[in-house]
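# Provided below are the primary sequence and the corresponding predicted coordinates.
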Amino acid sequence: MSPTFACETCSKSFDVPQNALNKYPGWTPKYCREHSPKRGAGKSNGKRDRRTEENLTRSQVLEKYSDGPEDGVFTDGSASPNPGPGGWGAVWVESGEIRAELHGSEPATTNNRMELQALIEAYSMLPEDAEVTIHTDSRLCVDTITKWAPNWERKAWTKKGGPIKNLELVQELLGLYRSHPGCTLEWIAAHSGNRWNEYADCLATAWMRQEV
C-alpha cells in the first residue's frame, strides 16, 4: 500500500508510491498533483482551486449553480490565510430545498480545524436516526474518521510520527459519526459546480462579507 499524505493547499489525501519516496530520502510530499508547484503558477486545468475563492453570497450561488446532488448535508471550512481567521458552514437539503443551515467563524484557526468543525455541526443538526449522506470536500476528514481515528483510539489516541493534530475535534466528530449509524460520510469534489457544495463554501466564507 502506498503511503498517504495530506495536501497543504486543499487538505485532500493523496498517495505517493513507495519507490518514488525511496528515490528522495527524507522527502515529505506536501502537495497533491493538482496543486503541485511543478504544474506551474497561473496554469489552469479547467477547475477553480481553493486558492481562488469566488466569495459569493448565498443568492449568487443559487443563481449561478444548479448541478450536483439535491439531497444531503453539505459542509465546508476555510481559513484565509491558513492559519488565520476562518469559518465553517453546513447546509441540510432535501429535494433541493433547504431544511437547515449553520455557519460560524473563529479569529485564529486552520482549514483543517474548520473542515472538522463543519462536520461536527452537520452531525449535531441531525437526529440520531437520520439516514442522510453528509458531504465534505476534505478527503483528509473522511479518511481521518473512517480509517485512521478508530486505530488511534485503540492505541490510546497515539500514532506514529507525533501527536494527533486537532485531537479534541477528531474525538468529538468520531463520537457523532458513531451516534448516527444511518448517515454516510462521503467526499465531494471542491469547486466543481456542485450547487450545495458551493453553498456550503459561501457559508464558510460568510465572515469575509457583510452579506451572507
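Everything's here; your move.

# which non-adjacent residue is nearest residue 13?
What sits nearest to residue 13 in space, not counting adjacent residues and going by C-beta to C-beta, 6 or more residues apart in numbering, is residue 139, at 4.3 Å. For the C-beta atoms, the positions are set from N, CA and C on the backbone; glycine is no exception.

# relative to residue 55, how far out is the one you found?
23 Å (C-beta to C-beta, to the nearest Å).

# now residue 174
For residue 174, the distance to residue 55 equals 32 Å [C-beta to C-beta].

# neighbour-wise, which of the two wins?
Neighbour count, other C-beta atoms under 10 Å: between residue 174 and residue 55, residue 174 has more, with 18 against 13.

# what about that one, which helix or strand?
Element membership of residue 174, judged by DSSP states H and E, is helix 167-179.

# next: residue 105.
If you go by DSSP H and E, residue 105 is part of strand 97-109.

# excluding sequence neighbours, find me the nearest residue to the residue nearest the centre of the chain.
The chain has residue 138 as the residue nearest its centroid, 2.8 Å off, counting by C-alpha atoms, centre = their mean. Of all residues not flanking residue 138 in the chain, residue 115 sits nearest, at 4.1 Å (C-beta to C-beta, 6+ apart).

# wait, that neighbour sits on residue 79?
No - in this structure residue 115 lies outside contact range of residue 79 using C-beta atoms under 8 Å: 9.6 Å.

# now the element after the strand holding residue 105, going C-ward?
helix 111-124.

# can I get the CA coordinates of that next one in PDB?
Provided in PDB are the C-alpha atoms of helix 111-124 (Å, rounded to 0.1, in the frame of the first residue of the first chain):
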ATOM      1  CA  ASN A 111      -8.500  25.000   7.200                       C
ATOM      2  CA  ASN A 112      -8.500  21.500   8.700                       C
ATOM      3  CA  ARG A 113     -10.000  22.700  12.000                       C
ATOM      4  CA  MET A 114     -12.800  24.500  10.200                       C
ATOM      5  CA  GLU A 115     -13.500  21.400   8.000                       C
ATOM      6  CA  LEU A 116     -13.800  19.300  11.100                       C
ATOM      7  CA  GLN A 117     -15.900  21.800  12.900                       C
ATOM      8  CA  ALA A 118     -18.300  22.000   9.900                       C
ATOM      9  CA  LEU A 119     -18.800  18.200  10.100                       C
ATOM     10  CA  ILE A 120     -19.400  18.400  13.900                       C
ATOM     11  CA  GLU A 121     -22.100  21.000  13.300                       C
ATOM     12  CA  ALA A 122     -23.600  18.900  10.500                       C
ATOM     13  CA  TYR A 123     -24.000  15.800  12.600                       C
ATOM     14  CA  SER A 124     -25.200  17.900  15.500                       C
END
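
# could you pull out the helices in this protein for me?
18-23, 58-64, 111-124, 139-143, 149-154, 167-179, 195-204 (DSSP state H).

# I'd like the distance between the closest residue in space to residue 193 that isn't next to it in sequence and residue 189.
With sequence-adjacent residues excluded and distances taken as C-beta to C-beta, 6+ apart, residue 193 is closest to residue 67, at 4.8 Å. Going from residue 67 to residue 189 by C-beta to C-beta gives 11 Å.

# report the buried residues of the helix holding residue 174.
169, 170, 172, 173, 174, 176, 177 (16 or more other C-beta atoms under 10 Å).

# what's it packed up against?
helix 111-124, helix 149-154 (3 or more C-beta pairs under 8 Å, 6 or more residues apart in numbering; DSSP states H and E).
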